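In: with the input below, show me the fold.
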Amino acid sequence: MSPSTYPVSIGSQRVELPVVSLSSELALALLITVDMGVQFMHRAGEELARLIAPHDIEIVATVATMGIPVAIDVTRALGLDQYVILHKTPKIHLADAVSEPVRSITTDAHQRLLFDRVRIPDVAGRRVAIVDDVISTGASTGAALRLLRSIGADVVAIGTLVTEGSQWRGALGEDSSRVHALASIPLFRPDGDGGFVEDWVG
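Out: Numbering: from 1, shown residues only. I've put the predicted structure just below:
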């Protein structure tokens with residue numbers, strides 16, 4: 001049987017994450033930031049902010065939707081006021097957006113990251129930290145890096161609540177050294193006997 005939950009310490013906070021199957025070959029311990037509660041996110045944001053603060057961040061960027069609570073609390077903890085969002089869903093104000101293709105592990109479709117051109121002056125030439133809930137394949141983070149750099153941002157740090165497996169290291173290449181995480185968790189693969197085993201490589 002697959003484990004129903006996976007225990008992990010995210011910074012100073014111990015949680016049980018539900019394990020869900022994505023396919024017959026892969027299961028994930030699922031972190032849903034909008035379900036974690038205000039106090040959890042507040043403390044996680046403070047702890048993640050401490051990890052990236054030495055990089056003299058001027059503005060925080062994130063990928064919608066699960067990264068937004070992270071961005072809000074990290075921005076507040078850094079003593080900043082503004083953050084920017086890279087969207088995956090077209091909105092009326094994004095008709096002329098800067099875009100970059102992306103495909104994430106939890107979305108069975110090709111998408112595009114969209115960035116409002118009005119916000120370009122907020123990141124161009126500034127020290128930017130990308131923050132997110134989870135880095136797994138590195139696809140969303142890599143797309144965010146490419147998009148932000150294309151409009152002149154100086155991405156100096158990447159912060160996440162958890163990294164998942166290690167595939168993201170290869171996807172991000174040299175930028176993997178910029179990643180700061182509060183925790184690391186595995187993927188889960190079938191063990192051939194009806195259960196799952198932890199996969200820290202995939």
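
In: from Leu51, how far out is Ser136?
Out: Going from Ser136 to Leu51 by CB to CB, to the nearest Å gives 19 Å. C-beta: built from backbone N, CA, C; applies to glycine.

In: more neighbours: the two, which one.
Out: In this view Ser136 and Leu51 are compared by other CB atoms under 10 Å, and Ser136 has more residues nearby, 24 against 18.

In: contact partners for Asp132?
Out: Contact analysis of Asp132 by CB atoms under 8 Å, 6 or more residues apart in numbering lists 62-63, 66-67, 70, 140-141, 158-161.

In: again, but for Ile32
Out: Going by CB under 8 Å, 6+ apart, Ile32 touches Met66.

In: can you tell me how far it sits from Thr65?
Out: Relative to Thr65, and taking CB to CB, Ile32 is found at 10 Å.

In: which residues in the protein form strands?
Out: Secondary structure of the chain by DSSP state E: the strands cover 5-10, 13-23, 26-29, 59-63, 83-86, 98-102, 111-115, 127-135, 154-164, 179-185, 187-190, 196-199.

In: can I get the contacts of Asp132 in a markdown table including pLDDT?
Out: Output for the contacts of Asp132, formatted as a markdown table (pLDDT from 0 to 100):
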| residue | pLDDT |
| --- | --- |
| Thr62 | 98 |
| Val63 | 96 |
| Met66 | 95 |
| Gly67 | 97 |
| Val70 | 98 |
| Ser140 | 94 |
| Thr141 | 97 |
| Ile158 | 98 |
| Gly159 | 98 |
| Thr160 | 98 |
| Leu161 | 98 |
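
In: what is the most widely separated pair among those?
Out: The span of those, defined through CB to CB, is set by Met66 and Ile158 at 15.4 Å.

In: having no further points to raise, I will conclude here.
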